[in-house]
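A.B. asks: okay, predicted coordinates and the sequence, questions at the end:
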Amino acid sequence: MAIQFNPSRGPTLGVEWELQLVDTHTRRLRQDAKAVLEAVPDLSETPRPKVMHELMQSQLEVITDVSHTVAEAVGDLKRTIGRLEEAVTPLGIALACTGTHAISDWREAVYAPVQRYTELVEEMQWLAWRIQTFGVHVHVGVRERDKVIPIVNALAAYLPHFLALTASSPYWGGQDTGLASSRAIVFGALPTAGPPQMLADWAGFEEYMDTLKRAGTIKSIKEVWWDIRPHPDFGTIEIRMFDGIPTPREVGMVTALSQCLVQQFDQQLDRGYRLPHPAPWVVRDNKWRATRYGLDADVITDDHGSTAPMRDMLYELCRELAPMAERLGCSDELAVVGEVVEHGNSCERQRAIITGGGTLDDVVDATITELVEDRFVTTDLRTSNGAIGHAGT
């Protein structure tokens, strides 16, 4: 099975941001994606739509054009969201994004009228019924096909970093799950989801996909939902590990982190270096640690079981990537990592609202505010404290 890879000219970017449609009165999810899309035909009915259906009618996916810088990608997202806000406000709907919605019940979800989603639900049954989850996917262009699998393998070591920074789904159906990311569990239950297979090269990837097709596990490679996967049509590596992200600035943060890592590995291959190839058991264990503990995780750093605090690892990673971020023009966006480590990821900010005496309705209100105002909220909005501005001050 030959899989054609369409090389990118460089570390180009594409971002997919899955947004919640929230009823401004009840604060529960509204199953009205079809009506919203009909209100913005110039965004949704073009050959290259900027807004699309996702699995549930409670969500929309906002998509950037091919971008060359992080600032360009984030600006693209903001323009589309601005248009969506104009369309949803008269309908009594607000936009938000976290990995799961704090109070809505997945059993109330309505599926989008898309054939491939209908087929997915028919095949996966209960596993698909409950995927009322939200995430962010970042595509980074790769110049040569034979670099893709080594870079995917190397990026697998950073699954806990990606998830710890963005963990935003502690609540499921009104209950605190005790996890930093319940989304990682819900979506990860799909048979072809989870960490990428650690393959040797592109030929190994083609053989593995061919085997899955012969076995009837998949109909096309688009049904392989790894946390990091090659996207041959786009000529990218797609990082799918991120939980739903509440603010544009945090989307910029993970886009910068993704672009810097992929470009750094790309250049190391040019120089003849052999990229890291973490043991599969380390990848799986570290993903669980970030799923459970988020930024408080102690992650495994080698095949012998040594560990280090996630927060220390993130500070070290940012220092390591600083020269690359400077060259790519995304230093400011990468610096948001430090703000999240200091002030908390979305999971921690949501729980801080409850600890401070707020309710889950207040949590939903905070996530709406975070998206609209692009700032962190850590306490009940009815108080004057705990709203952290753009500079993290």
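C.D. replies: Sure thing, it's come through.

A.B. asks: please count neighbours and contacts with C-alpha atoms only from this point.
C.D. replies: OK.

A.B. asks: ok, and what's touching stretch 218-225?
C.D. replies: Contacts to stretch 218-225, defined as Cα atoms under 8 Å, 6 or more residues apart in numbering, come from residues Thr192, Ala193, Gly194, Met209, Leu212, Lys213.

A.B. asks: okay if I get these as CSV plus distance to Asp32?
C.D. replies: Rendered in CSV, the data for the contacts of stretch 218-225 read as follows (distance: Cα to Cα, whole Å):
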residue, distance to Asp32
Thr192, 29
Ala193, 27
Gly194, 30
Met209, 36
Leu212, 35
Lys213, 35
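
A.B. asks: any of the residues you listed buried? List them.
C.D. replies: Buried residues within the contacts of stretch 218-225, defined by neighbour count using 16 or more other Cα atoms under 10 Å: Thr192, Ala193, Gly194, Met209, Leu212.

A.B. asks: counting neighbours, what do you get for the nearest residue to Thr301 once chain neighbours are set aside?
C.D. replies: The spatially closest residue to Thr301, leaving aside those adjacent along the chain, is Thr307, at 5.4 Å (Cα to Cα, 6 or more residues apart in numbering). Other residues near Thr307 number 13, with proximity taken as other Cα atoms under 10 Å.

A.B. asks: what sits against Glu342?
C.D. replies: Applying Cα under 8 Å, 6+ apart as the definition, Glu342 turns out to have no contact partners.

A.B. asks: could you measure it against Met209, distance?
C.D. replies: Taking Cα to Cα, to the nearest Å as the criterion, Glu342 is separated from Met209 by 42 Å.

A.B. asks: give me phi/psi at Gly75?
C.D. replies: Gly75 has phi and psi values of phi -60, psi -40 when expressed as degrees, to the nearest 10.

A.B. asks: same check, this time on Ala2
C.D. replies: When quoted as degrees, to the nearest 10, the phi and psi of Ala2 stand at phi -80, psi 130.

A.B. asks: does it really touch Glu206, like I thought?
C.D. replies: Yes: the criterion here is Cα atoms under 8 Å, and Ala2 meets it with Glu206 at 6.2 Å.

A.B. asks: so between those two, which is more surrounded?
C.D. replies: Neighbour comparison, Ala2 and Glu206: the larger count goes to Glu206, with 15 against 11 (by other Cα under 10 Å).

A.B. asks: mind listing what that one touches?
C.D. replies: Contact partners of Glu206, counting by Cα under 8 Å, 6+ apart, are Met1, Ala2, Ile3.

A.B. asks: before we move on, back to that, what score does the residue nearest to Thr301 have for pLDDT?
C.D. replies: Looking at Thr307, its pLDDT is 97.

A.B. asks: got a list of what it touches?
C.D. replies: With contacts defined as Cα under 8 Å, 6+ apart, Thr307 is in contact with Asp298, Val299, Ile300, Thr301.

A.B. asks: show me what it is bridged to.
C.D. replies: When bridges are taken as DSSP bridges, the partners of Thr307 come out as Ile300.

A.B. asks: and the gap between it and Pro195?
C.D. replies: On the measure of Cα to Cα, Thr307 and Pro195 end up 20 Å apart.

A.B. asks: buried residues, the longest helix along the chain. List them.
C.D. replies: If you go by DSSP state H, the chain has its longest helix at helix 248-270. Within helix 248-270, the residues scored as buried using 16+ other Cα under 10 Å are 248-266.
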